[in-house]
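Asker: What follows is a predicted protein model with its sequence.
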Amino acid sequence: MKKLNIYDNIDKSGDEKVKEQTYIIENCDTFEPKDIFECGQCFRWNKQEDGSYIGIFGNNVLKVKKEDNKIIINGICIKNIEDVVKQYFDLNRDYKKIKSQLSKIDDNMKMSIKYGKGIRILNQELWETIISFIISANNNIPRIKGIIEKLSKKYGNEIIFQNKSYYTFPSVDELSRASVKDLRELGLGFRDVRVYETTKLIKEKKVDLQELKKEKDFNKVRNILLTLPGVGPKVADCILLFSTLKRWEAFPIDVWVRRVMNELYIHNPEEAKVKKEEIEKIAYEKFGELAGIAQQYLFYWKREA
DNA sequence: ACCCAGGGTCGTC
DNA sequence: GACGACCCTGGG
């Protein structure tokens, strides 16, 4: 039997195509597409005219649509869609419990959770998350999305879904083909060298991502990430929280989180002068091991409202 | 037209 | 440790 691969469905001469699969989540009180895709953790999900979202991760292109009290997910998946969806959307985690725990902390948390009640933290591929958040530095979301799209179109692979082309995020080898100049021309700006150098370090296994996945110690993993050009404290924490590394202790502090933490808990009239350490201290005291997800509720709440 | 900010990091002082 | 520079785009 011929093994299916992602190229089969774009081979116009071949008969064999990767079939669409469907998976339905029945109980969706802890799954709201808008909250998940617009809370700032991912850059490759786009809202469609019918209100659904289409996104690409790994070699999968999926459409996520909420209908009544159901979430209907369908699209191109090489593996079993149920496994893929459960892993990516972290469906085995009990968000009801997490939300009730955090709601008890104070009214601020209660309100932010009420606002972003359907947030889930995705399990995104480590390599893609590293590059994506290096690109995010001092940048705005529309431009970040645009750059990642251009990178994928130029260096990734095409997948056809419902007569439209989508492009996988380039692998380490694929992105290694890009020179600094290529990256600059794609609009990365000063991040070109950072992406180039980081790609090189990972390709040469000076930083071995497979080894990194096995490391248990939070600070060890974080310190290794910090050796990558373009990865500072904020980006490292985003990688730790939003990728398959999935460290909920990570508490990324960006302008929005600084703003909301100061507003709610610190009340310093000179927000810029609030020390990062002070914010972290309050975060761990209040949210403990749930700091990361708490950060995401606060971020989403403050940025949208 | 002009200015500012955007999910920060890096080199320099 | 603080401070400015950094590429580029969208919004006021």
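Answerer: Ah, there it is. The shown structure was predicted, so the numbers you read here are calculated from the model rather than taken from an experiment.

Asker: Measure how buried residue A:239 is and give me the count.
Answerer: By other Cβ atoms under 10 Å, the residues close to residue A:239 number 27. (Glycine included, C-beta is placed from N, CA and C.)

Asker: got it, and the one 4 residues further on?
Answerer: Other residues within reach of residue A:243 by the criterion other Cβ under 10 Å amount to 25.

Asker: Where does the residue nearest to it when sequence neighbours are not counted fall, secondary structure wise?
Answerer: Distances taken as Cβ to Cβ, 6 or more residues apart in numbering put residue A:129 closest to residue A:243, at 3.8 Å, once the chain neighbours are dropped. Using DSSP states H and E, residue A:129 sits within helix A:126-135.

Asker: ok, residues contacting whatever helix or strand comes next after that helix?
Answerer: Downstream of helix A:126-135, the first helix or strand assigned by DSSP H and E is helix A:141-155. Residues from elsewhere that reach helix A:141-155 (Cβ atoms under 8 Å, 6 or more residues apart in numbering): A:40, A:43-44, A:46, A:56, A:131-132, A:135-136, A:167-170, A:174-175, A:177-178, A:182, A:186-188.

Asker: Buried ones only from the residues you listed, please, as a ChimeraX command.
Answerer: The ChimeraX command for the buried members of the contacts of helix A:141-155 (criterion: 16 or more other Cβ atoms under 10 Å) is given here:
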select /A:40,43,44,56,131,132,135,136,167,168,169,170,174,175,178,182,186,188
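
Asker: and DNA strand C, which of the contacts of helix A:141-155 reach it?
Answerer: residue A:187 (Cβ under 7 Å from any atom of the strand).

Asker: Now the residue of chain A found nearest DNA strand C: phi and psi?
Answerer: Closest contact between chain A and DNA strand C, by Cβ to the nearest atom of the strand, is at residue A:189 (2.5 Å). Residue A:189 adopts backbone torsions of phi 70, psi -140, taken as degrees, to the nearest 10.

Asker: and what of residue A:53?
Answerer: Per degrees, to the nearest 10, the backbone of residue A:53 is at phi -120, psi 140.

Asker: Quick check: the gap between the residue nearest to residue A:243 and residue A:57.
Answerer: 10 Å (Cβ to Cβ, to the nearest Å).

Asker: Would you mind telling me which of these two has more residues around it?
Answerer: In terms of neighbours (other Cβ under 10 Å), residue A:129 is the more surrounded of residue A:129 and residue A:57; the figures are 25 against 19.

Asker: dump the residue contacts of that one.
Answerer: A:238, A:239, A:242, A:243.

Asker: re the thing from before, mark which of the contacts of helix A:141-155 are part of strands, please.
Answerer: Using DSSP state E, A:46, A:56, A:167 are the members of the contacts of helix A:141-155 that sit in strands.

Asker: what would the contacts of residue A:129 look like in TSV with pLDDT, distance to DNA strand B and secondary structure?
Answerer: What follows is those, written out as TSV (pLDDT from 0 to 100; distance: Cβ to the nearest atom of the strand, whole Å; DSSP: H, G, I helix; E, B strand; the rest coil):
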residue	pLDDT	distance to DNA strand B	secondary structure
A:238	97	6	helix
A:239	98	9	helix
A:242	97	7	helix
A:243	98	12	strand
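
Asker: can you redo those as a markdown table with distance to residue A:212?
Answerer: As requested, the contacts of residue A:129 are exported to a markdown table (distance: Cβ to Cβ, whole Å):
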| residue | distance to residue A:212 |
| --- | --- |
| A:238 | 15 |
| A:239 | 10 |
| A:242 | 15 |
| A:243 | 10 |
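
Asker: send the alpha carbons of stretch A:163-179 over as PDB?
Answerer: Provided in PDB are the C-alpha atoms of stretch A:163-179 (Å, rounded to 0.1, in the frame of the first residue of the first chain):
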ATOM      1  CA  ASN A 163      -9.500  24.400  -3.500                       C
ATOM      2  CA  LYS A 164      -7.300  26.900  -1.700                       C
ATOM      3  CA  SER A 165      -3.500  26.800  -1.100                       C
ATOM      4  CA  TYR A 166      -2.100  26.700   2.400                       C
ATOM      5  CA  TYR A 167       1.600  26.500   3.200                       C
ATOM      6  CA  THR A 168       3.300  24.600   6.000                       C
ATOM      7  CA  PHE A 169       5.700  26.300   8.300                       C
ATOM      8  CA  PRO A 170       9.200  25.600   6.900                       C
ATOM      9  CA  SER A 171      11.200  22.900   8.600                       C
ATOM     10  CA  VAL A 172      14.700  23.700  10.000                       C
ATOM     11  CA  ASP A 173      16.300  22.400   6.800                       C
ATOM     12  CA  GLU A 174      13.900  24.300   4.600                       C
ATOM     13  CA  LEU A 175      14.400  27.600   6.500                       C
ATOM     14  CA  SER A 176      18.200  27.000   6.300                       C
ATOM     15  CA  ARG A 177      18.000  27.900   2.700                       C
ATOM     16  CA  ALA A 178      17.200  31.500   3.500                       C
ATOM     17  CA  SER A 179      20.000  34.000   3.600                       C
END
